[in-house]
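**Student:** have a look; sequence and predicted model below, questions after that.
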Amino acid sequence: MRSVLVLLFVLLMGENFAQSTFSTGILPKIVTSFKVSPNMKWINGVESRTFIYDKGFTFSHSLVDVSSIFSLKTKMNNKLNFGFIFRFKDGEIAYRTLQHYNIIHSIEQYQIGHRFGFEQFYDAILNLRGRYRFTLQRSLNGNKIDVFEWYMKLSNEYLWQFNKKALEIRLSPNLGYRLSKNNKIEFGVEYRTADVVRKLNKHQLWMRCTMYILL
């Protein structure tokens with residue numbers, strides 16, 4: 001936790017921050033999942049992106065991402081995800097495929113997750129991206145997350161664009177509530193900074209709300 005806070009402080013106080021661009025907005029998302037078999041889920045999601053501030057106060061819809069992913073449980077709580085995402089933006093459709101491997105384990109009341117990902121963007125040329133995400137989650141009422149209880153989740157992610165040789169860092173604290181055995185909702189913010197290797201010249205702060213539904 002302390003190292004994450006130090007990283008955020010360094011990013012915000014960097015000497016290039018004054019010359020950087022800043023934008024903020026909202027990221028509502030809904031995720032539904034369906035058990036295909038005891039070891040496989042079919043997960044579908046829709047996420048919308050709307051700017052509230054981007055070089056001035058505004059309210060402009062940016063894009064919609066539609067995803068469809070198959071999640072295969074390999075052993076214990078480890079999962080292999082593969083699927084695709086369609087991005088609808090400015091009347092055009094972008095397409096990418098993904099492969100993610102998730103490792104989840106528990107230490108006392110904490111649930112720790114690691115996600116290693118590889119993605120392919122099909123533009124004029126093939127663009128490749130690797131990503132790693134660390135998550136820390138715990139109940140605010142006991143040792144496990146029961147129905148009608150709150151929990152906190154902190155995530156820190158690193159994304160590397162191979163073609164552009166560009167690094168993006170994301171930091172997201174969230175507060176979640178389990179509505180039922182199969183449904184939960186999470187609220188939080190997500191800070192993103194891009195082009196970290198060369199200079200910090202793009203900062204975004206998103207307000208997130210994600211609904212998870214198991215059918």
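**Tutor:** Noted; the coordinates are in hand. Fair warning: this is a prediction, and the values are worked out from it, not measured in the lab. Residues are numbered from 1 along each chain as shown.

**Student:** list the buried residues in the longest strand belonging to the chain.
**Tutor:** Longest strand in the chain, counting residues (DSSP state E): strand 57-75. For strand 57-75, burial by neighbour count (16 or more other Cβ atoms under 10 Å) applies to Asp65, Ser67, Ile69, Ser71. Backbone N, C-alpha and C define where each C-beta goes, glycine included.

**Student:** and it, how far from the chain's centre?
**Tutor:** Chain-centre distance of strand 57-75: 9 Å, with Cα atoms, centre = their mean, to the nearest Å.

**Student:** partner strands of it, parallel or antiparallel?
**Tutor:** Strand pairing for strand 57-75, determined by DSSP bridges: strand 40-54 (antiparallel), strand 78-89 (antiparallel).

**Student:** contacts for the longest one next, please.
**Tutor:** Strand 40-54 is touched from outside by 22-36, 58-73, 81, 83, 206, with contacts defined as Cβ atoms under 8 Å, 6 or more residues apart in numbering.

**Student:** with just CA atoms, put the longest strand of the chain into PDB.
**Tutor:** As requested, the backbone C-alpha atoms of strand 57-75 are provided in PDB (Å, rounded to 0.1, in the frame of the first residue of the first chain):
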ATOM      1  CA  PHE A  57     -15.400  21.600 -18.900                       C
ATOM      2  CA  THR A  58     -17.500  19.600 -21.300                       C
ATOM      3  CA  PHE A  59     -19.800  16.600 -21.400                       C
ATOM      4  CA  SER A  60     -18.900  14.600 -24.400                       C
ATOM      5  CA  HIS A  61     -19.400  10.900 -25.000                       C
ATOM      6  CA  SER A  62     -16.100   9.300 -26.100                       C
ATOM      7  CA  LEU A  63     -16.600   5.600 -26.800                       C
ATOM      8  CA  VAL A  64     -18.200   2.200 -25.900                       C
ATOM      9  CA  ASP A  65     -16.300  -1.000 -25.400                       C
ATOM     10  CA  VAL A  66     -18.200  -4.400 -25.800                       C
ATOM     11  CA  SER A  67     -16.300  -7.500 -24.600                       C
ATOM     12  CA  SER A  68     -16.900 -11.200 -24.800                       C
ATOM     13  CA  ILE A  69     -14.600 -13.500 -22.800                       C
ATOM     14  CA  PHE A  70     -14.300 -17.100 -21.900                       C
ATOM     15  CA  SER A  71     -12.800 -17.800 -18.500                       C
ATOM     16  CA  LEU A  72     -11.400 -21.300 -17.900                       C
ATOM     17  CA  LYS A  73     -10.500 -22.400 -14.400                       C
ATOM     18  CA  THR A  74      -7.200 -24.200 -14.600                       C
ATOM     19  CA  LYS A  75      -6.300 -25.200 -11.000                       C
END
